[in-house]
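**Q** I'd like to go over a predicted model; first the sequence, then the structure.
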Amino acid sequence: MGLSSLYTLLYRFYRRQFLRLGPRVVAVGGGTGLPVLLRGLKKYTENITAIVTVADDGGSSGRLRGEFGILPPGDIRNCLVALAETETLMDKLFHYRFAQGDGLTGHSLGNLLLTALTDITGDFQTAIREASRVLKVRGQVLPSTLHQVTLHAELADGTVISGESTLPLAGAPLKRVFLTPESCSPVPEAIHAIYRADLILLGPGSLFTSVLSNLLVPGIASAIKQSRAVKCYICNIMTQPGETTNYTASDHLRAIYNHVGHGWIDYVLVNTKKIAQASLEKYARQGAAPVKIDYGALEKMGVKVLKADLLDERELVRHDPEKLGRAVLMLLGGHVPPGGRGRPSRER
């Protein structure tokens with residue numbers, strides 16, 4: 001065996017041990033935000049549990065939910081691909097979306113595969129486990145509940161609207177959100193992971209439709225509160241038109257507390273990197289703006305504010321997986337390889 005081959009074997013062994021010894025991290029969310037976080041986390045630990053919302057009722061997921069009675073697979077699919085060990089042809093297949101064909105247009109192949117696996121195995125969770133095996137997922141992906149739930153919102157004027165996909169179109173401020181049936185139960189493995197966690201992360205992603213839609217499942221929020229893990233809310237970089245228009249960072253945190261109780265989040269992680277003017281103008285035309293970080297209000301709410309450059313510098317304004325993964329792991333003392341960047345600064 002040559003030196004280069006020996007080095008490769010030693011590196012792979014070191015890397016595998018490093019990941020196996022990584023902290024136990026629970027990430028709660030959905031949509032496009034949670035996969036970004038998972039891509040960053042999987043480089044530092046394989047002890048990851050993604051707890052994913054199943055309230056989606058739009059697009060391909062909504063159609064499959066209506067036609068087959070399956071739980072919406074889209075957010076689950078995105079998280080599975082995000083946690084895949086390597087980027088492979090199978091990952092691309094899971095993300096492949098049909099652009100034409102009667103009944104196929106708009107569907108993701110991964111959604112169809114999860115639907116088929118559910119039918120074959122007779123169980124959505126088993127389907128997820130089988131897909132995880134195929135993709136060589138680092139960690140586990142769990143739905144927050146196995147019940148068919150609907151997300152509702154009460155608007156400021158008292159009007160109640162139903163369906164996750166309708167919330168951004170409400171045209172009025174959201175007063176509160178709630179799930180039906182109220183008796184939906186959490187997935188036991190999710191509760192177990194929460195109690196065993198070293199770090200619990202909320203977001204990034206849609207405040208009402210991704211984060212709160214999980215926390216409103218009975219048992220999820222109470223388990224997080226009781227867990228001895230460090231708890232951190234990852235604040236969105238931009239507001240979301242129709243959901244969090246004009247929201248500050250403390251408004252995001254206050255909305256969580258108003259729904260499931262106060263005083264249990266330890267940290268709020270915020271981006272400090274300046275956004276390019278061209279991007280700001282583009283988002284402004286869509287009704288979005290940077291989330292204002294109101295440090296004083298956050299301090300009064302009893303949380304520590306962590307500041308870091310989290311920005312992905314490409315066209316879309318979103319979190320960078322690498323930066324985000326490093327920043328959140330620093331909360332536990334920095335389980336990162338030698339030569340990693342320094343800690344995010346802390347505002348007290």
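**A** Arrived safely, thanks for sending.

**Q** Every contact and neighbour count from this point should use C-alpha atoms.
**A** Will do.

**Q** Next, H107: phi, psi?
**A** Torsion angles at H107 (phi, psi; degrees, to the nearest 10) stand at phi -80, psi 140.

**Q** In contact with it, which residues?
**A** G59, S60, R97, F98 (Cα atoms under 8 Å, 6 or more residues apart in numbering).

**Q** Among those, which are located in strands?
**A** In strands, judged by DSSP state E, none of the contacts of H107 are found.

**Q** For those residues, which entry has the maximal number of neighbours?
**A** Among those, the one with the most neighbours (other Cα atoms under 10 Å) is S60, at 22 neighbours.

**Q** Could you tell me the per-residue confidence at the residue nearest to that residue when sequence neighbours are not counted?
**A** Closest residue to S60 apart from its sequence neighbours, by Cα to Cα, 6 or more residues apart in numbering: H107 at 4.9 Å. Here, the pLDDT recorded for H107 equals 89.

**Q** For T49, see how far away H107 is.
**A** Going from H107 to T49 by Cα to Cα, to the nearest Å gives 26 Å.

**Q** and if you look at D91?
**A** D91 is 19 Å from T49, by Cα to Cα.

**Q** Looking at these two, which has the bigger crowd around it?
**A** Each of D91 and T49 has its neighbours counted (other Cα under 10 Å); T49 has more, 23 against 20.

**Q** Show residues contacting the helix or strand encompassing that one.
**A** Using DSSP states H and E, T49 sits within strand 48-52. Defining contact as Cα under 8 Å, 6+ apart, one finds that strand 48-52 is touched by 24-30, 38, 41-42, 75-76, 79, 138-144, 190, 193, 210, 214.

**Q** And for stretch 85-105?
**A** Outside stretch 85-105, the residues that reach it (Cα under 8 Å, 6+ apart) are 77-78, 81, 84, 106-111, 113, 135-138.

**Q** Of those, which is the most crowded?
**A** V81 (27 neighbours).

**Q** Could you grab the helix/strand/coil label for that residue?
**A** Assigned with DSSP: H, G, I helix; E, B strand; the rest coil, V81 falls in the helix class.

**Q** Give me the pLDDT for the closest residue to it other than its chain neighbours.
**A** Counting by Cα to Cα, 6+ apart, the nearest residue to V81 once its immediate chain neighbours are dropped is D91, at 5.8 Å. On pLDDT, D91 comes in at 78.

**Q** Kindly report the same for T86.
**A** 78.

**Q** my read is it is in a strand, agree?
**A** No. If the criterion is three-state DSSP, then T86 is coil and not within a strand.

**Q** From N78, how far off is it?
**A** In terms of Cα to Cα, T86 sits 14 Å off from N78.

**Q** what does A131 give?
**A** A131 sits 12 Å away from N78, going by Cα to Cα.
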